[in-house]
Structures are given as structure tokens and as C-alpha cells.
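[1] sequence unknown, structure follows:
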DNA sequence: TATTTTTATGCAATCGATTGCATTTTTGTT
DNA sequence: AACAAAAATGCAATCGATTGCATAAAAATA
């Protein structure tokens, strides 16, 4: 099965006995072609089912109408949803979205960026891996002049735009909510501060306690990975150390879930004895028998806005203006069953 | 910020005072170039940081090393996981994955295929939308000679390969499991038979009942959409009609979840009074307080195998052999809490 | 050394579309 | 009718890499 041979502007030019240049101009609605030939060309183009060869155009113009997205894993709900947002925003403009996974490994991330550059992408969206500390590979992309946009997990690099959520605010609101519900000793199981998001969530938690004159107790604060098992272990450790607390603010829904399991195993009732708030609004949180209160991140919107920032950026590049836009979205607290002291 | 100008084979050829043709041959390790110049070229290429221009190559060769994937929504766990499998299998071979969404709309699907063809993709993976009945747009892709692979949701089109799971077997095993646990009147809330997967699940359910000499009761069988709400409504309807049953096999985890909620609202205990089995092994199923028994589909594996079928196919195309490969994966029943009559 | 064979290299076309510059055709003016 | 101005079209190079065919250089043979 061989491929059908495609119709080119030369086929049209031969058929009409005019030059390919004129055909090209006619198709691009140039004012240097008479109306008569323009119509003729358009008609024959339609008749022959002419399709512009995107590759030839890309080679000539340098624009491929492809963008790359680099995420740790594409099947994590959050990232998949951001990608959905990007795709839906860019698709109507004729762009295609190429996806790459870093597997949370900085070397992979660098490799993906390199091959993306070689594919002559028009822009790159990236959420950095957990292991990304050195950012040379990212600066290289910037220095190539390719529009680059961070989303959610960013690094502070000059000349690179970003779309993130206000993790600080999300954590602050979540913690404040717990305080307002009457909880007094609030533990925080967070994530590795190498990722800004976890640092900011920690900061928000601390600020909320400070603002309500609650002393920070280092014994109540931990950093673990974002898994159910880690949540179980973390609570086990707190129990073993006999550290009392009446609420748990976790930087991860998975950790919150694990934590709740372990707490229940120890006979605590949620939310009566211990209130729990998670982070991310993972789909499972609302399907639990006692739906989990959590901080929602509007990932689809994040993707859409990242795409908009990209579109702005490429129009600015044309004007030879360099921009560095930082968009910070507000998170939303989904108040559900696990955080109202009186039960629901 | 203008883009860095790229190094081409002409830059190398000028530097070495040889022709670009020789440079090209040297880089491709042709045996028509002397070892001396080969080494020289390779050295200068490295020194100048030469990167082959993928676009020029694609224009010349007709191969882009891009493949397209069309799914209803990329942020549905199942599809995202299949895409992950495809990406991980093809990435080492130098391919990039372009994603497209049909939004469960056949017109969108057709449009996406058309723009993918125009992007000169090397192959297309597709899981059809719910509204896809007419398959002309898919046949067109096949007729263009582009390798095409269905995954999960397929249509019967000659000359198109597919990778699916054995929905019949999955349903048969799930139903048999319920029977073996002692449940006798098993309801089936399935999906629209326009999608083969739902028809096959229905068939498997029926076959299991037949094989165990249980009469089929049409009153216990429904077709609804795959949502929690639909599950609630379906059970409500059964209750209203006072139709007794002691087990529920749902073709969707979401429907199973909604069904369980409604059943509990009516005072039924799960699994003691009513056993429940879902389908898909959605992530939330294992996080429920009573984890849901469900049929797992190994989506990542499905993606990997689809990618392998694609790779085989393009090597066969070279040999001018036409193949139509149908791979059917076996599902796995995850036996959890909701289906053991004695409780767990 | 002369001639054939082998090996290495170059020329120029090709993949399609675009575009600056030159040329031809048409239109308008006197 | 003659000429200037304007409009329409064509030529050929360009974007990089590849490749069939021709030629040049080196090696092998007589």
C-alpha cells in the first residue's frame, strides 16, 4: 500500500499554464495577482483537492505549528488536565501538541528538551521534574529563542514566563479553614522543598498559624513523598512519637488518604477527632465515602492560560519585544466532609 | 531575541572545502566516503555542534517521526495511560507523539484526522468516539496508506490493526466470580452498544449466566452513560420498579460507585446484601473505604503493544506487505471488598 | 609506464512553498 | 497613437538534506 501522491502547487500551475509563484501568491491572497487568476487557482485547487504541504512551509518559514509539553508523567490527572487545557486552546489556532515525559528525572528532561528543539517546535511548556536543580538545559532553550512557559512547577529563570497557582494562598486558606473550624494543633505533612510548590504550601501553613497566634511546632511538620503509603508511614511515626494533634493539612491528597486510614486504624474519627485537608482535588477525593476537603488547582484553566501566554509571546517575538509574564492563579478550597468538627 | 542560526552541512562543507554531498554521506556513514574525510567531517560536525535539520529530512524522505494519537479526552485516566505506553515505547526509537481530542464527537474526530494527515504523520493511533458510526473518515486514512491502529475502542474496518482487551472475557470472569461467591440475581448496568466494548461486556455477562444455568432477566439489564449520576439513577429506577437483585455487575466503575451509594442509601450492605463489580480499575476504586472489585485493563501495556504493532507495520510497509494485526489482551479481575458475600 | 579497476568526490536535481527582482501585460493619460 | 504608470506574472534562489549520475583521484593490474 503506497501513499497517494499529493497535489502540489506545481500541479495547479501546470494545469493552468501559469507559474508556481503565481499559484502560491493566489493561494495566499496576495494583491499582486489578478482576481481572475485568483479565482481560477482557488477553483482548481479545490478541484484537485490541494493541501498545502506543512513540511515544506515549515522548512521555509521556520514555523512548524507544533508545540512541546514536558511533564513528569502524562497519566497523572493533574498534568493530563493541564495538557488538555493547552490542547484545547491551541488546536483552534492550528497548533499540534507533542507530549514528552521526564519520569521525574532531570537527565531525561534535558534529553526531551534537546530532541524537541531539534524537531523545530514553536514553543515549549514545561513542568519541571522533582530532580531538577541545575537548570542549564532549560536556559539553553531560552537562549535558543524558543518561547518557553513553565506551568505549576517552575524555576526562577529570567526571561521565562510561568503560570502557577498560588500554593501559599491555597495552604493559607486550608489551614485557616481548619483553625476556624476549631482545630488547634494542626500537623502539616508536606513534600520536598526542592519543588517550590511544596515550599510555598509550607509557608502558607506557617503564615496562617502565625496570623492566628498559634505557635509553630516542628514536631508536627514533615516532608514525605506524595503517596498513600508515605501518608500511612508519616502518621505511624507521629503516633509512635506520641505527638498529639487534632488536624492534618497535607500537601498531597494521597498522603491525606493514607493518613486518614492510619488515623482510623488508631480509632480516631474524622472529622470529629481529627480534621483533614488535602491538596490537589484529585478525582478520588470526591468519591470517598467521606469526601475529602482539599485545595483545587484548576489544571485545565492553567493549561489554557499557559497557551494564551504562549500565543502572546510569539506575537511579541515578532515585534522583537521580550516579555516575561508571570501568571498566578488562585486556588479554590473544596470544603467537604473531612474538615468540619461537628461532622456533616 | 532572535533564534540562533543553525549549523548546516554547508557550513561543514565550506569549512572543509568539500561538497555538501560528501558531508551528507559522511554523516550517514556511507561507504562511498574515505575514512579520512569521514573522521574529519564527524569531528567538525561535533565541533560546530551540528544538528541534523529534521524538517529538511522529513520533506525529503516523507518521514517525520511523528505519530498522532486521537482519543476522546486525554485527561481520562485510561486514555492518558495508553498514551503513556505509546510514548514510552516509541520515544527510544526517535518518535514524537502528537495528541488530539475528539471530545466524543465524530465530526471533531474527522477533523483531527484530516489535520494530522496534513502534518505528515508516520502513523495514527485512535480510540473512536462514542458518536462514531460512519467510518468514512477513518477509511480515508487507511486509503492514504498511513499506518493506522485502533486501541480499545475499535471499528471493524479491513486493513486496520487493533489492540483491544477481551471485554467479553472480562465480563464473563466478573460475572462468574459473582456467581461463585453465591450471588444469584445479578443485574448488569452497561453502556451504549454502539461501542463494541459495551456490547462485548454485555455478551460476556449473558454467557456467564447461561453457562451457570441462570436465566437472563431483561429487567435487570440497563444501558446508561458512564457517570456516578447515571449509576445513582439506574439503581433508583430498579428500586422504584421493585426489582430484586443481589449483585450488580457494572460496565463502568463510575456507575458502580453511584450504584453503591444509592444502594447504601436504601439500607443495603455491600457486599453482604449486594455484591458489586465494576469495570476499568479506575484509580479511585482502590482508594475507597471498601475497595471496589473491578476488571483491570492494563492500559499502559495496551499502549506499548499498539506501538509495537505500529513499528512492525512500518517495517512491513517497506516490504510492501499489507498486514492487519489484531491483538486482544486479557483483562485481570481485581478481587477486592465489594464482591465477597461473607464480607472481608 | 600505460591501462584498467576501484574508490572518492562533486554536480545538480529533488522534496514544495515562498519571495525579491525582473519582465511582461494591462490600464490610464495626454 | 504614444508613452507613462500600474498591475500581473515569471524566473530563480532559498530553506537543508539526500542521491543518481558523472568525473576525478587513487590503487591495482598488465
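    Everything's here; your move. None of the values given here were measured: they were computed from a predicted structure.
[2] so residue A:86 is in contact with residue A:97, correct?
    Yes. Contact criterion CB atoms under 8 Å: residue A:86 and residue A:97 qualify, at 6.0 Å. Just so you know, the C-beta spots here come from the backbone N, C-alpha and C atoms, and that holds for glycine as well.
[3] more neighbours, these two?
    Per other CB atoms under 10 Å in any protein chain shown, whichever of residue A:86 and residue A:97 has more neighbours is residue A:86, with 28 against 25.
[4] wasn't the more buried one part of a helix?
    Yes. According to DSSP: H, G, I helix; E, B strand; the rest coil, residue A:86 belongs to a helix.
[5] show me what contacts the closest residue to it other than its chain neighbours?
    For residue A:86, ignoring the flanking residues on the chain, the nearest one in space by CB to CB, 6 or more residues apart in numbering or on different chains is residue A:303 at 4.1 Å. Counting by CB atoms under 8 Å, 6 or more residues apart in numbering or on different chains, residue A:303 touches A:81, A:82, A:83, A:84, A:85, A:86, A:87, A:88, A:89, A:151.
[6] the same query, at a cut-off of 7 Å, please.
    For residue A:303, the contact set (CB atoms under 7 Å, 6 or more residues apart in numbering or on different chains) comprises A:81, A:82, A:83, A:84, A:85, A:86, A:89.
[7] picking that back up, which neighbours do residue A:86 and residue A:97 share?
    Taking CB under 7 Å, 6+ apart as the criterion, residue A:86 and residue A:97 both touch residue A:69.
[8] returning to what we had before: what does the model give the residue nearest to residue A:86 for pLDDT?
    Per-residue confidence (pLDDT) for residue A:303: 98.
[9] which one of the contacts of residue A:303 is nearest DNA strand D?
    Of all the contacts of residue A:303, residue A:86 has the smallest distance to DNA strand D: 27.5 Å, by CB to the nearest atom of the strand.
[10] check what pLDDT that closest one gets.
    For residue A:86, the predicted pLDDT is 98.
[11] and the one 10 residues further on, by the same measure?
    In this prediction, residue A:96 carries a pLDDT score of 98.
[12] surely it is in contact with residue B:98?
    Yes. Because the distance of 4.8 Å satisfies CB atoms under 7 Å, residue A:96 is recorded as touching residue B:98.
[13] now the strands for the stretch 151-300 of chain A?
    For the stretch 151-300 of chain A, the strands defined by DSSP state E, counting those that start in this stretch cover A:161-165, A:186-190, A:221-223, A:247-250, A:275-280, A:293-296.
[14] can you say which of these is packed in most?
    Greatest average neighbour count among the strands of the stretch 151-300 of chain A goes to strand A:247-250 (a mean of 30), per mean count of other CB atoms under 10 Å in any protein chain shown.
[15] list the contacts of that one.
    Here strand A:247-250 makes contact (CB under 7 Å, 6+ apart) with A:174-175, A:178, A:183, A:185-189, A:205, A:231, A:256, A:259, A:274-279.
[16] do the longest helix belonging to chain A and DNA strand C meet?
    For chain A, the longest helix by residue count, based on DSSP state H, is helix A:299-318. No. Helix A:299-318 stays clear of DNA strand C (CB under 7 Å from any atom of the strand), getting no nearer than 13.0 Å.
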